[in-house]
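Novice: From the sequence below, what's the structure:
(3 chains)
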Amino acid sequence: MTDEPPMSVARKLEAILLIVDEPQSLVALATAVGEPVPAVRQAVEGLVADYDGLTGGPRRGFELREVGGGWRLYVREDYDDLVGEFVNTQAPSRLSQAALETLAVIAYKQPVSRGQVAAVRAVNVDSVVRTLLARGLVTEVGSDPETGAILYGTTDALLVNLGINSLDELPAISPLLDDVDAVGGDGLDERGVR
Amino acid sequence: MTDEPPMSVARKLEAILLIVDEPQSLVALATAVGEPVPAVRQAVEGLVADYDGLTGGPRRGFELREVGGGWRLYVREDYDDLVGEFVNTQAPSRLSQAALETLAVIAYKQPVSRGQVAAVRAVNVDSVVRTLLARGLVTEVGSDPETGAILYGTTDALLVNLGINSLDELPAISPLLDDVDAVGGDGLDERGVR
Amino acid sequence: MAPSPENTAPSPENTAPSPENTPDDDREDATGFRVSLGVFDGPFDLLLNLLGTHELDITEVSLSKVTGEFIAYLRELQAGDDLEEASEFLVVAATLLDMKVAGLLPQGEFVDAESVALLQARDLLFARLLQYRAFKEVSAWFARCLVREDRRHSRAVRLDEKYRSAAPELVWTLSADDFAAMALLAFAPKEIPTVGLDHLHAPLVSIREQAAVVVTLLRAAGSLTFRELVSGVAQRGVVVARFLSVLELYRHAAISFEQIEPLGDLTLTWTAERWSEENLAALGADYDR
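Specialist: Presented below is the predicted three-dimensional model:
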């Protein structure tokens, strides 16, 4: 195994699998690594066995699993409790002021990209948006046709928390919003923030 | 290696590293896996060597890197082009020369007010600082007790973006600046430069 | 972009960087120089460039040549209408000119306060220039690192659904009105565009921002003393800004106040019947610089 070429199919797959969010079909993986599907299938099977500790190495803390017709890295089930506990201690039970303000901006300006929110708040909001996503308070609602930036909106969970039935019931603050649009235009360089 | 216990420190770390989206310090990792820091340090070093193919296995398509004061899984550099093509991320717009210089001043002189940065660069830096704030590279770290001016410092995100672990890894520029601090006794830079 | 050293202008008197001044000039940098107008990000940038062009050490006293070019550049710059930018260049130009004049005067006869001050101004300019050069040089390192790391990919995937449910229940305490107030705070203009005088008088508390706070607090409470309004505020500037915003709000007839005895507690009451956030956006415009 140590004699394999440095850029084997398996290694290229590892690189791709590390960064994908969604399960990837064999065809998608084959396209990504530029190799024929049979070679990719074989390499995927090899990786599954490799991570399972069947090829001489350790049984990894993660595994490669096929879910819904696609392949993706998952935490090995044995470690679910460990990870669950970690997530539990990581996530505070209250939202920070920064998170609440970001949520407010998204609620009133949706659909809105992270770049636009960042422009209003004059700070980077990436990690805060991740928190809100994880909390199910905001969700991805599409993408900007021009820039491809992901657009965010609020969820029903927010409405429930606020005790209102629809976004129309949010108290009006519109006069200030017009201002913001003007400011948002130059707050950031044209392309915004990824 | 195959004889190791199923839930070794290294395997637990793998599970945690798979789900985190920010660099994790050794202390954070130790807390997460419930093991003493020295054991975690050793396991982390073992994983680095493991993924680098130094322990008998293949040189993986990913690697474990220390950046921004913590550890995180990265695609191995050799595969960045492959992955870059796959994700087709628009690179965020490059920082302008003015932004780079402002960032440098803030990095070396923090905590520093916009006024102090402007004095170094002899130009108004308001919009540039705004861009840096929106990018999350700098942040407000307090305010001058006398003037109330907002003071800025750099963020951990900057360290990650630079690929370094701490501000100590910034190149030394003090030899050039010693002169200035002597002359600058006009109240411009009492704090000097690290 | 910048003229290279071999294109050095021969003398300061005829090197005004406009081609029409040098129609018979055979140096191609005449146009090159003009094209580069505006690319200098600041006076130090230009000065460094000119010094580099003439291969002068920046600790060298003889700056008269560079001074001429600098002032010629400044003349061009004024066409740009950007008063603030022009004034930044002007300060440095004035210092350079001072130094040039001093160089023309007979040396060493008097050591009066004026020449000492001039000497200090010169040293300060050089010191600032040295400092600026150091940061400029190191910014190249920043650029290199940022570009290198930009290409790297780290693992940052969404948390699996099954782990999300492991997070502790969210404690939510805001009502819809609280939430709207939060939005108001988030949308309140954070930075009023300012002329860069910060290095003279350190800034700046936004009256508008503080007014938003005052409005939110007063509307929620109906009536508050000023002492309550600034409780917990450590910065004097913020207290002043809140007071000014109270005056402004009074002017807009949004609040009334009452003080039973001199120097006693000031009680503020929210009285506006129709308060639009537009009022807030326009509030304190007199204080904008």
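
Novice: residue ranges with poor pLDDT in chain C?
Specialist: For chain C, applying pLDDT under 70 flags the ranges C:1-39, C:55-63, C:77-82, C:102-116, C:118-119, C:166, C:189-204, C:284-289.

Novice: how about the helices of it, start to end?
Specialist: If DSSP state H is used as the criterion, the helices of chain C fall at C:29-35, C:43-53, C:64-77, C:83-104, C:113-150, C:161-164, C:176-187, C:207-221, C:226-229, C:236-251, C:277-282.

Novice: Next, see if the fifth one gets close to chain A.
Specialist: Think helix C:113-150. No: using Cβ under 8 Å from any Cβ of the partner chain, helix C:113-150 stays clear of chain A, coming no nearer than 10.2 Å. C-beta coordinates here come from the backbone N, C-alpha and C atoms, glycine included.

Novice: Just the buried positions in that helix, please.
Specialist: By 16 or more other Cβ atoms under 10 Å in any protein chain shown, the buried positions in helix C:113-150 come out as C:118, C:122, C:124-136, C:138-139, C:142-143, C:145-146, C:149.

Novice: hmm, it touching chain B?
Specialist: Yes: shown here: helix C:113-150 in contact with chain B (Cβ under 8 Å from any Cβ) through C:123-124, C:126-128, C:130-143, C:145-150.

Novice: what's the closest non-adjacent residue to residue A:154?
Specialist: residue A:107 (4.9 Å; Cβ to Cβ, 6 or more residues apart in numbering or on different chains).

Novice: Packing partners of the helix or strand harbouring the one you found?
Specialist: Element membership of residue A:107, judged by DSSP states H and E, is helix A:97-109. Applying 3 or more Cβ pairs under 8 Å, 6 or more residues apart in numbering or on different chains; DSSP states H and E, we find helix A:97-109 packed against helix A:114-121, helix A:126-134, strand A:150-154, helix A:174-186, helix C:176-187.

Novice: now these in CSV, with distance to residue C:94 and mean neighbour count?
Specialist: Formatted as CSV, these follow (distance: least, Cβ to Cβ, whole Å; neighbours: other Cβ atoms under 10 Å in any protein chain shown):
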stretch, distance to residue C:94, mean neighbour count
helix A:114-121, 37, 25
helix A:126-134, 45, 19
strand A:150-154, 51, 20
helix A:174-186, 31, 14
helix C:176-187, 42, 20
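
Novice: Would you reformat the ones you listed as TSV and include distance to residue B:86?
Specialist: Below are the helices and strands packed on helix A:97-109 laid out as TSV (distance: least, Cβ to Cβ, whole Å):
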stretch	distance to residue B:86
helix A:114-121	21
helix A:126-134	21
strand A:150-154	17
helix A:174-186	31
helix C:176-187	36
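
Novice: Flag whichever of the ones you listed has the least confidence on average.
Specialist: Among the helices and strands packed on helix A:97-109, helix A:174-186 carries the lowest mean pLDDT, at a mean of 46.

Novice: picking up where we left off before, give me the pLDDT for the residue nearest to residue A:154.
Specialist: pLDDT, read off for residue A:107, is 91.

Novice: got a list of what it touches?
Specialist: A:154, A:158, A:167, A:170, C:179, C:183 (Cβ atoms under 8 Å, 6 or more residues apart in numbering or on different chains).

Novice: Around the residue in chain A that chain B sits nearest to, how many other residues sit close by?
Specialist: Distances between chain A and chain B by Cβ to the nearest Cβ are smallest at residue A:124, namely 2.5 Å. Neighbourhood size, residue A:124 [other Cβ atoms under 10 Å in any protein chain shown]: 23.

Novice: Now do the phi/psi pair for the residue nearest to it when sequence neighbours are not counted.
Specialist: Nearest residue to residue A:124 in three dimensions, chain neighbours excluded: residue B:136, at 2.5 Å (Cβ to Cβ, 6+ apart). Dihedral angles of residue B:136 (phi, psi; degrees, to the nearest 10) stand at phi 80, psi 20.

Novice: didn't residue B:136 look like it was pressed against residue B:159?
Specialist: No: using Cβ atoms under 8 Å, residue B:136 is not in contact with residue B:159, being 11.5 Å away.

Novice: which one of the two has more residues nearby?
Specialist: A count of neighbours by other Cβ under 10 Å puts residue B:159 above the other of residue B:136 and residue B:159, at 23 against 20.

Novice: For that one, list the residues it contacts.
Specialist: B:67, B:68, B:69, B:165, B:166, B:167.

Novice: try 7 Å this time
Specialist: Contacts for residue B:159 were tallied using Cβ atoms under 7 Å, 6 or more residues apart in numbering or on different chains; they are B:67, B:68, B:69, B:165, B:166.

Novice: between these, which has the most around it?
Specialist: Busiest of the contacts of residue B:159 [other Cβ under 10 Å] is residue B:68, holding 22 neighbours.

Novice: Now that one: phi and psi?
Specialist: Per degrees, to the nearest 10, the backbone of residue B:68 is at phi 60, psi 30.

Novice: where does chain A dip in pLDDT?
Specialist: A:1-6, A:174-194.

Novice: Chain C contacts on chain A?
Specialist: A:18-19, A:21, A:83-84, A:87-88, A:91, A:93-94, A:100-101, A:104-105, A:107-108, A:120-122, A:134-135, A:161-164, A:169-171, A:173, A:175-177, A:179-180, A:183 (Cβ under 7 Å from any Cβ of the partner chain).
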